[in-house]
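Can you look at this prediction? I've put the sequence above it.
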Amino acid sequence: MAILTESGRVAVAVHISEQPLHMAWGNGNVAWDTTPVPPTPSETDLVAEVGRLKASSIQFAVPAQNGSIELPEGNFNVSATPTKYLLLNFNFGYNHAVGQDIRELGVFVGTVAAAGVPPGANYLTPDQVENVGRMMVVERVPKFTRQSNTQQKFTYVIEF
């Protein structure tokens, strides 16, 4: 059986980094509040999306025991050269999805805005999306309610 080489993984990461990347968040399912249901690799979309944001920054990263970027899966440092690790930051604004209960998150590649959406619009509601693209990462989180005095920030490292 053939294997994907390390340089092949870097090539995939480089290609993905050049595409539109968005993080979507959604209401999910109220039943998850009492009986959490973990996501599966076969999922292709969120259950109840409320909006999506274009990545605030896309960089390459390397694992580092004492790295300056601390995530649940380990520490990382930014890399000036391409690696198989993509570091994605999403900084949602104060006015995004205010009052919504959020239970699910997903990172998508290839989102296409609908006709009539102003060029450069970074936050899209479901009615402003022509094509959601492909979901690369999905996460279920304990419910939190969006507040107008809070700016949500999310950081992901995706390994290819």
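Great, that's in hand.

Report the buried residues of stretch 30-48.
32, 39, 45, 46, 47, 48 (16 or more other Cβ atoms under 10 Å). Using the backbone N, CA and C atoms, a C-beta is placed for each residue, glycine as well.

got it, and stretch 22-30?
22, 23, 24, 25, 26, 27, 28.

what are the phi and psi angles of the most centrally placed residue in the chain?
Central residue check for the chain by Cα atoms, centre = their mean: the C-alpha nearest the mean position is that of residue 107, 2.9 Å away. Per-residue torsions, residue 107: phi -110, psi 130 (degrees, to the nearest 10).

wait, it sits on residue 21?
Yes - with contacts counted by Cβ atoms under 8 Å, residue 107 reaches residue 21, the gap being 6.6 Å.

ok, back up a step: quick check: chain neighbours aside, which residue is closest to the residue nearest to the centre of the chain?
Spatial nearest neighbour of residue 107, chain neighbours left out: residue 137 (4.1 Å); criterion: Cβ to Cβ, 6 or more residues apart in numbering.

coming back round to it: columns distance to residue 149 and secondary structure on top of the buried residues of stretch 22-30, output as CSV?
Shown next, in CSV, are the buried residues of stretch 22-30 (distance: Cβ to Cβ, whole Å; DSSP: H, G, I helix; E, B strand; the rest coil):
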residue, distance to residue 149, secondary structure
22, 24, strand
23, 21, strand
24, 23, strand
25, 18, strand
26, 22, strand
27, 21, coil
28, 23, coil
